[in-house]
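Colleague: okay, here's the prediction I keep looking at, along with the sequence it came from:
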Amino acid sequence: MQSPSLVPPPAKLGRLDALRGIAALVVVFDHSSYTFMADFRRELMPQFNTSRYGIMVFFLVSGYIIPASLERRGCVRTFWIGRIFRVYPLWAVVVVVLLAANLLGVAELHDFGGQSTVSVVVAHVTMLQELLGTPNLLLVLWTLSYEMSFYLLVVALFTVRLHRQSAAVAVTLAVLSAASVMAGAVLPASALSGLVGTGPLIVCASITMALAICCASAGSPVLRGFGGVLGGVLALALVGFNGTVPLWEGLVILAVMFLGTAVYRAENGQSTWVRTAAAAVLVVVCAVGSAYWSGTDDHFARRGWIVAFLLAVLTFGVGLASRGRRIPSLLTGLGTISYSVYLVHPVLLAVIDATIGRRRQDRFVLEVAFFAALLPVCLLTHRCVEAPSQAWGRKLAARMHAGRQQPISVAPHP
């Protein structure tokens with residue numbers, strides 16, 4: 001019998017939507033400032049890394065929501081169906097539009113370093129391309145690789161019945177991050193790809209991921225456990241040894257998501273607030289310490305990262321503490337279309353950069369105009385792509401779940 005699980009009520013989802021709306025706006029500003037406000041950006045980034053602020057808020061919210069989604073269903077198979085219909089349809093539309101824009105000569109694709117088209121396609125289909133040594137078609141897609149890794153880890157913990165140990169997992173990952181910095185563990189970007197080759201790694205990882213998802217979705221408890229653990233090991237190996245961000249930051253990202261899960265546990269009575277608060281303090285201390293001791297170079301300003309991280313945690317805390325307060329409909333609406341905002345805006349920027357070009361001087365009016373043009377497009381993609389695909393996913397998941405609940409009849413032997 002499945003144990004009952006609590007589902008975040010609408011009030012909580014409203015708060016989380018507001019947080020996603022804020023994060024989406026900040027990420028859009030971070031990327032559009034390259035085009036419209038480059039001088040201001042150069043002054044701001046060393047003090048406040050807007051990109052890291054936005055994605056850390058997103059990761060905290062994902063950490064809160066994703067395990068709830070799995071445990072509400074109580075079924076790994078329907079969880080993956082829900083995730084596939086939630087994430088892939090809009091992703092596919094955006095990729096097709098970008099490729100079409102490139103063929104028309106109004107956008108430019110990144111150089112893939114001589115990788116074959118098949119390798120690039122397979123790596124992106126797994127959504128682990130950032131962790132498979134493959135440049136992203138769109139820069140923002142790198143965060144989806146960490147989201148996918150988190151899905152695999154959440155399923156792994158669920159299948160071995162350790163899913164309620166979120167606080168312990170968050171602390172363990174954060175401590176490993178700090179330990180890696182103190183030990184001077186510095187790996188080159190995409191270290192595994194450099195060791196075994198990008199192509200072979202993509203083949204191995206994609207087969208392993210498919211096998212893990214299929215086994216974890218099976219009816220046999222043994223197969224479910226095997227598949228879950230296999231997917232979890234794959235995620236940890238790729239994050240730990242083949243990311244393009246430093247090892248410590250990859251571990252911090254996972255720790256942050258599990259911290260979001262720990263807050264979900266505390267709010268739903270599955271853990272104590274004391275334990276969650278202690279975990280939060282340890283994660284923050286280890287993350288800040290890791291960033292501080294990792295030093296500063298041309299591509300990383302530790303002050304900007306630390307300020308962004310602390311403000312992201314504070315924003316998440318304030319958002320969750322706003323229980324009972326009226327959330328502005330504008331923010332909840334932005335949160336609803338935040339995935340569209342996140343994926344669509346770089347395509348528009350790619351077209352602008354390839355046709356009009358970046359501004360040599362700051363143009364705040366153009367920055368505002370970009371937001372004004374972007375949001376209606378995102379509302380359209382949400383209504384025409386996201387909402388229908390999510391509805392189809394829910395129907396398919398419900399049908400499969402109902403089928404699993406029906407008794408299996410055995411026909412008599414002739």
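Modeller: Received the coordinates, thanks.

Colleague: just give me the neighbour total for Asp353.
Modeller: By the criterion of other C-beta atoms under 10 Å, Asp353 has 15 neighbours. No exception for glycine: its C-beta is placed from N, CA and C like everyone else's.

Colleague: could you list the low-pLDDT ranges of the stretch 251-400 of the chain?
Modeller: For the stretch 251-400 of the chain, the stretches with pLDDT under 70 are 295-300.

Colleague: could I get the full set of helices for it?
Modeller: 273-293, 302-321, 329-336, 338-355, 364-381, 387-405 (DSSP state H, counting those that start in this stretch).

Colleague: I'd like these as TSV, with distance to Ala185 appended.
Modeller: Formatted as TSV, the helices of the stretch 251-400 of the chain follow (distance: least, C-beta to C-beta, whole Å):
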stretch	distance to Ala185
helix 273-293	11
helix 302-321	17
helix 329-336	37
helix 338-355	31
helix 364-381	40
helix 387-405	40
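
Colleague: which of those is buried the deepest?
Modeller: Among the helices of the stretch 251-400 of the chain, ranked by average contacts under mean count of other C-beta atoms under 10 Å, first place goes to helix 338-355 (a mean of 21).

Colleague: and for stretch 100-114, what's in contact with it?
Modeller: Identification of contacts with stretch 100-114 by C-beta atoms under 8 Å, 6 or more residues apart in numbering yields 98-99, 120, 134-137, 347, 350-351, 353-355.

Colleague: how about those, which pair is most distant?
Modeller: Thr134 and Thr355 (26.8 Å; C-beta to C-beta).

Colleague: what residue is smack in the middle of the protein?
Modeller: Nearest residue to the geometric centre of the chain (C-alpha atoms, centre = their mean): Glu147, 3.2 Å.

Colleague: check contacts around it.
Modeller: The contact partners of Glu147, by C-beta under 8 Å, 6+ apart, come to Ser62, Val87, Met127.

Colleague: and the pLDDT at the first one?
Modeller: Confidence per residue is given as pLDDT, and for Ser62 that number is 96.

Colleague: same question, the second one
Modeller: Val87 is assigned a pLDDT of 96 by the prediction.

Colleague: that one: neighbour count?
Modeller: 20.

Colleague: just the buried positions in the strand or helix carrying it, please.
Modeller: Assessed by DSSP states H and E, Val87 sits inside helix 76-103. The neighbour-count check on helix 76-103 (16 or more other C-beta atoms under 10 Å) flags 76-83, 85-87, 89-91, 93-95, 97-98, 101-102 as buried.

Colleague: that one: what's the following helix or strand?
Modeller: Per DSSP H and E, the first helix or strand lying C-terminal to helix 76-103 is helix 117-126.

Colleague: got the CA coordinates for that next one in PDB?
Modeller: Extracted in PDB, the C-alpha atoms of helix 117-126 (Å, rounded to 0.1, in the frame of the first residue of the first chain):
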ATOM      1  CA  THR A 117      25.500  16.000 -35.400                       C
ATOM      2  CA  VAL A 118      24.400  12.700 -33.900                       C
ATOM      3  CA  SER A 119      26.400  13.100 -30.800                       C
ATOM      4  CA  VAL A 120      25.100  16.700 -30.300                       C
ATOM      5  CA  VAL A 121      21.500  15.600 -30.800                       C
ATOM      6  CA  VAL A 122      21.700  12.600 -28.500                       C
ATOM      7  CA  ALA A 123      23.400  14.600 -25.800                       C
ATOM      8  CA  HIS A 124      20.700  17.300 -25.900                       C
ATOM      9  CA  VAL A 125      17.900  14.700 -26.000                       C
ATOM     10  CA  THR A 126      19.100  13.400 -22.700                       C
END
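
Colleague: mind putting the contacts of stretch 100-114 in JSON lines, distance to Ser322 included?
Modeller: Below are those laid out as JSON lines (distance: C-beta to C-beta, whole Å):
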{"residue": "Leu98", "distance to Ser322": "37"}
{"residue": "Leu99", "distance to Ser322": "41"}
{"residue": "Val120", "distance to Ser322": "43"}
{"residue": "Thr134", "distance to Ser322": "40"}
{"residue": "Pro135", "distance to Ser322": "39"}
{"residue": "Asn136", "distance to Ser322": "34"}
{"residue": "Leu137", "distance to Ser322": "37"}
{"residue": "Val347", "distance to Ser322": "33"}
{"residue": "Ala350", "distance to Ser322": "36"}
{"residue": "Val351", "distance to Ser322": "37"}
{"residue": "Asp353", "distance to Ser322": "38"}
{"residue": "Ala354", "distance to Ser322": "41"}
{"residue": "Thr355", "distance to Ser322": "42"}
